[in-house]
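Q: quick one: sequence plus predicted model below, questions after.
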Amino acid sequence: MTSGSKTTIAASTLMKEYQFPVVIEYDPEEDAYLADCPLLQGCYTDGKTYEEALENITDALPLCIESRLAIGDPIPTREALL
């Protein structure tokens, strides 16, 4: 894989807004861009283009947060990365 880019995405669920860093990397073996949110284990997706991967992870983040909230898991904060 080549080095990826990092960005922060805001995700709104119910009545709270969160911001999470995401990493998007190009994988030449898969010929796809892989998007991952390091703070939300298991929250990842891909896309044929960088823009598609960014759109997909933006859509996935609220679903991952809602899933964690539904089972009582805590939502990590940016401080968890430090």
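A: Looks like it arrived, so ask away. Residues are numbered from 1 along each chain as shown.

Q: report the distance from the lengthiest strand in the chain to the chain centre.
A: In the chain, taking DSSP state E as the definition, the longest strand is strand 16-27. Computed by CA atoms, centre = their mean, to the nearest Å, the chain-centroid distance of strand 16-27 equals 4 Å.

Q: quick one: the spatially most central residue of the chain from residue 55, how far?
A: The residue lying closest to the centre of the chain (CA atoms, centre = their mean) is residue 37, at 3.3 Å. Noted for residue 37: a distance of 14 Å to residue 55, by CB to CB, to the nearest Å. (C-beta placed from N, C-alpha, C; glycine too.)

Q: follow-up on the earlier one: list the buried residues for the longest strand of the chain?
A: 18, 20, 22, 23, 24, 25, 26 (16 or more other CB atoms under 10 Å).

Q: excluding covalently adjacent residues, which one is nearest to the fifth one?
A: The shortest distance from residue 24 to any non-neighbouring residue, by CB to CB, 6 or more residues apart in numbering, is to residue 35 (4.7 Å).
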